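In: pasting the structure only:
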């Protein structure tokens, strides 16, 4: 079967080729669901612009905060994180661990800007530089949003409740960044 994605998302798809069976052109846009509807669907492929991804991201972040769960969030650019920095400063007070990944200059990673439970990692010059992920732990293990910018402001990716898919994505990200993420 032809791969619908390249880059980081393509690596995840290569490991889980059955995900391609769920790719349906009628199912290619990100619906305006609440988090319960995404969870009920279990898996959803999409092509989307920033706004619906931002809305889904906020729902996953809120879940992490309300359920006191760890959170991993990637931002393609430092400016994207700067946009939500104040919200994150409040949010991370209610979660055990946060990993924030962006194209930070490795010499100027802002580790002191949030709380001690937050870790900043640089994805500069890696295949994660265009990746947008928001992953937390749910009742079955890690779940979340995994997407990649394929042209300016346009993203392809998926939401998954499958913990094996998220664990694999976390493993690949950890290997790329030289760390291990403990969202099991």
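Out: Done, it's in. As the structure is a computational prediction, the values presented were derived from the model and not from experiment.
In: out of everything not next to it in sequence, what's closest to the residue nearest in space to the middle of the chain?
Out: Nearest to the centroid of the C-alpha atoms of the chain, with distances taken as Cα atoms, centre = their mean, sits residue 133, at 1.3 Å. Of all residues not flanking residue 133 in the chain, residue 74 sits nearest, at 4.6 Å (Cβ to Cβ, 6 or more residues apart in numbering). From N, CA and C alone the C-beta is placed, and that goes for glycine too.
In: partners of that neighbour in the sheet?
Out: Listed by DSSP bridges, the beta-bridge partners for residue 74 are residue 101.
In: How about the backbone phi and psi for the residue nearest to the centre of the chain?
Out: Dihedral angles of residue 133 (phi, psi; degrees, to the nearest 10) stand at phi -130, psi 150.
In: show me the contacts for it.
Out: Counting by Cβ atoms under 8 Å, 6 or more residues apart in numbering, residue 133 touches 72-74, 144-147, 169, 173.
In: surely the residue nearest to residue 133 meets residue 130?
Out: No - Residue 74 lies out of contact with residue 130 (Cβ atoms under 8 Å); the separation is 9.5 Å.
In: Can you show me the helices along the chain?
Out: When secondary structure is read from DSSP state H, the chain shows helices at 7-15, 35-41, 50-66, 78-91, 163-177.
In: May I see the buried residues of the longest strand belonging to the chain?
Out: What stands out as the longest strand in the chain, according to DSSP state E, is strand 141-151. Along strand 141-151, these residues count as buried under the neighbour rule (16 or more other Cβ atoms under 10 Å): 142-149.
In: Now do it and helix 7-15, the angle between them.
Out: If you take axes from the mean of the first three to the mean of the last three Cα atoms, to 10 degrees, strand 141-151 sits at 130 degrees to helix 7-15.
In: ok, and what's touching strand 141-151?
Out: Defining contact as Cβ under 8 Å, 6+ apart, one finds that strand 141-151 is touched by 5-9, 12, 39, 46, 48, 53, 56-57, 60, 72, 76, 130-137, 155-167, 169-170, 183-184.
In: Could you turn the buried ones of those into a PyMOL selection?
Out: In PyMOL, this line selects whichever of the contacts of strand 141-151 come out buried by 16+ other Cβ under 10 Å:
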select buried, resi 5+7+8+9+12+39+46+48+53+56+57+60+72+76+130+131+132+133+134+135+136+137+155+156+157+158+159+160+161+162+163+165+166+167+169+170+183
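In: so what does the helix or strand bottoming out on mean pLDDT in the chain touch, helix or strand wise?
Out: Across the helices and strands of the chain, the lowest-confidence element by mean pLDDT, DSSP states H and E is helix 78-91, at a mean of 76. The helices and strands touching helix 78-91, judged by 3 or more Cβ pairs under 8 Å, 6 or more residues apart in numbering; DSSP states H and E, are helix 50-66, strand 98-102.
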